[in-house]
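**Student:** below are the sequence and a predicted model; questions follow.
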Amino acid sequence: MAPSYAIPSSASHKNSEEDVALLRRRNAELERELRNSLEREERMKEDLIKLWGRLRVAEEAEERLCCQLGELEAEAVDQAREYRVRVLKLMEQLNDAQRLLGDQGSFCSTISNDQ
């Protein structure tokens, strides 16, 4: 038996060229998609960095607000204590005044009874 050789036909050569062209187009599409994906990733990284900065600013602002709130609460407690002391003093003064008026009323009634 004689050896057989395969001789490529022009039809298979055309198919091969079409396959290569198709693969090149597909490769170009994939490269374009990869570039777009890398650009999107870079934009997302930039956005994430910006958001991280904004978060850090917001956290610092929250800390400042909490400190200010604590100071205001302490000041309000001090003012409430001072107000309570002032009210108690005024109540004592009012009681003293009522006692004096009561004493003067009984003194006046004693004087009018004596006459």
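**Tutor:** All right, it came through fine.
**Student:** find the centremost residue of this structure, please.
**Tutor:** Closest residue to the average C-alpha location of the chain: residue 58 at 5.3 Å, with C-alpha atoms, centre = their mean.
**Student:** contacting residues around that one?
**Tutor:** Under the criterion of C-beta atoms under 8 Å, 6 or more residues apart in numbering, residue 58 has no neighbours. Any C-beta I mention is one placed from the backbone N, CA and C, and that applies to glycine too.
**Student:** assign it to helix, strand or coil.
**Tutor:** Assigned state for residue 58: helix (three-state reduction, DSSP: H, G, I helix; E, B strand; the rest coil).
**Student:** swap in residue 33?
**Tutor:** Look at residue 33: counting by three-state DSSP, its state is helix.
**Student:** now find how far off-centre the stretch of helix or strand residue 103 belongs to is within its chain.
**Tutor:** Following DSSP states H and E, one finds residue 103 within helix 10-114. Distance, stretch centre to chain centre, for helix 10-114: 6 Å (C-alpha atoms, centre = their mean, to the nearest Å).
**Student:** tell me the mean pLDDT over it?
**Tutor:** Average pLDDT, helix 10-114: 91.
**Student:** residue 50 - how many residues pack around it?
**Tutor:** 10 (other C-beta atoms under 10 Å).
**Student:** ignore what I typed, I meant residue 51.
**Tutor:** Residue 51: 10 neighbours (other C-beta under 10 Å).
**Student:** got it, and residue 73?
**Tutor:** 10.
**Student:** same question for residue 29.
**Tutor:** Residue 29: 10 neighbours (other C-beta under 10 Å).
**Student:** now do residue 59
**Tutor:** Residues near residue 59, counting by other C-beta under 10 Å, number 10.
**Student:** now it: how far from residue 47?
**Tutor:** To residue 47, residue 59 is 18 Å away according to C-beta to C-beta, to the nearest Å.
**Student:** now swap in residue 60 and tell me
**Tutor:** Applying C-beta to C-beta, the value for residue 60 to residue 47 is 21 Å.
**Student:** returning to what we had before: from residue 70, how far off is the residue nearest to the centre of the chain?
**Tutor:** Counting by C-beta to C-beta, the separation of residue 58 from residue 70 is 19 Å.
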